[in-house]
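# sequence and predicted structure, then a few things I'm wondering about:
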Amino acid sequence: MSILVIAEHDNAVLKAATLNTITAATQLGSDIAVLVAGHGCGAVAEAAAQVAGVKKVLLADAPHYAYQLAENMAALVVSLAGGYSHILAPSTAGGKNTLPRVAALLDVAQISDVIKVESADTFVRPIYAGNVLATVQSKDSVKVMTVRGTAFPAAVAVGGSASIEAAAPAADAGISRFVGQQLTQSDRPELTAARVIVSGGRGMGNGDNFKLLEDVADKMGAAVGASRAAVDAGFVPNDYQVGQTGKVVAPELYVAVGISGAIQHLAGMKDSKVIVAINKDEEAPIFQVADYGLVADLFTAIPELSKELDKLKAAG
């Protein structure tokens, strides 16, 4: 079986979610190709070629792939699909935008959010916000799948020696165009790649109070996240959102502050290695998944935590 993994990148850096997807691909077979489509993205192709387990990198470099618009990406993937039994992409905004189009054009069913590979045609995926795990089997000739990165370890990014081949670009579909983007600039780690995340919920009260969490996060080298309730209330931008309709994360440490623990939020963080919850409501659902819980007023607990972190830093 030959597997095609669609790389996620920004034309300069291969995104971490691709490495997790490659690990899932290795559980399907050893003949793994990675598609790098972009513009001026040669460095990404070289990085993909170094990933352990990758046998071949297909490089499609053209101006209309600069922002990996789903319509153009789908046409490219379909043009290459004939030689592959499985087509995989990370379960990110990009993968969720592109692969449904690929599946429709190939007239096959898409399998979303795969968290376990049982066999070449049988997979496990969460449904009902992760409360139920469904085992699904596909008889389609090509399996089109998005992979939840938090369920698979990252492939080793060095040590590989895959060949790099040019892939003929498909024609520009001409039905969508990139207008612009506003990126949040931060010295903190990205949510999906952070080892430690400090998240706030509706209990923070307002956006200004998130400065308390940002102070603690900076001292811990952590990323800052938020529940959907906090984002909907306008406390923080939506790129902070952790949850079923936000970002799915699995850091080594997740600190939930003033978050009640709605199902939507738990679906995005319950795979974290260690979960610490701080909430004044001892009946909050977040305590059901927390490894450590503190029933306290966050406006007392967080400043105390900040002071203790200062003491640890001073002690070396």
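That came through fine.

# now for residue 42, how many residues are close by?
Neighbour count of residue 42, defined by other C-beta atoms under 10 Å: 13. Yep, even glycine has a C-beta here, placed from its N, CA and C like the rest.

# do the same with residue 294
15.

# could you look up the SS state of it?
Secondary structure assignment for residue 294 (DSSP: H, G, I helix; E, B strand; the rest coil): strand.

# so what's it bridging to?
Here residue 294 sits in beta bridges with residue 278, going by DSSP bridges.

# need the contact list for it.
Going by C-beta atoms under 8 Å, 6 or more residues apart in numbering, residue 294 touches 276, 277, 278, 279, 301.

# tell me where the stretch 201-316 of the chain has strands.
Along the stretch 201-316 of the chain, counting by DSSP state E, counting those that start in this stretch, strands occupy 223-226, 253-257, 274-279, 292-295.

# using JSON lines, lay out the ones you listed together with mean pLDDT.
Compiled in JSON lines, the strands of the stretch 201-316 of the chain are given as follows (pLDDT from 0 to 100):
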{"stretch": "strand 223-226", "mean pLDDT": "96"}
{"stretch": "strand 253-257", "mean pLDDT": "98"}
{"stretch": "strand 274-279", "mean pLDDT": "98"}
{"stretch": "strand 292-295", "mean pLDDT": "97"}
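
# as CSV, those strands with distance to residue 211 would be great.
Below are the strands of the stretch 201-316 of the chain laid out as CSV (distance: least, C-beta to C-beta, whole Å):
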stretch, distance to residue 211
strand 223-226, 10
strand 253-257, 13
strand 274-279, 16
strand 292-295, 20
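
# quick one: which of those is nearest residue 188?
Minimum separation from residue 188 across the strands of the stretch 201-316 of the chain (C-beta to C-beta) falls at strand 223-226, 5.2 Å.

# list the helices and strands that closest one packs on?
Identification of packing neighbours for strand 223-226 by 3 or more C-beta pairs under 8 Å, 6 or more residues apart in numbering; DSSP states H and E yields strand 196-200, helix 210-220.

# can you add distance to residue 156 and give these back as JSON lines?
Output for those, formatted as JSON lines (distance: least, C-beta to C-beta, whole Å):
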{"stretch": "strand 196-200", "distance to residue 156": "23"}
{"stretch": "helix 210-220", "distance to residue 156": "27"}
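
# closest one to residue 59 among the strands of the stretch 201-316 of the chain?
Across the strands of the stretch 201-316 of the chain, residue 59 has its closest neighbour in strand 223-226 (31.2 Å, C-beta to C-beta).

# any buried residues in the closest one, and which?
Neighbour-count burial for strand 223-226, with 16 or more other C-beta atoms under 10 Å as criterion, is recorded at 223, 224, 225, 226.

# low-confidence regions, the stretch 1-150 of the chain specifically.
By pLDDT under 70, the stretch 1-150 of the chain has no low-scoring segment.

# could you pull out the helices for it?
16-26, 42-49, 70-80, 93-106 (DSSP state H, counting those that start in this stretch).

# the stretch 151-300 of the chain now?
Taking DSSP H, counting those that start in this stretch as the test, the helices found in the stretch 151-300 of the chain are 210-220, 228-232, 263-269, 298-314.

# out of the ones you listed, the one nearest residue 63 is which?
Among these, helix 228-232 sits nearest to residue 63 (C-beta to C-beta), with 34.1 Å.

# so for the closest one, what gets flagged as buried?
By 16+ other C-beta under 10 Å, the buried positions in helix 228-232 come out as 228, 229, 230, 231.

# can you check stretch 256-269 too?
Within stretch 256-269, the residues that count as buried by 16+ other C-beta under 10 Å are 256-262, 264-269.

# same thing with stretch 123-138?
Buried, per 16+ other C-beta under 10 Å, within stretch 123-138: 123, 124, 125, 126, 129, 130, 138.
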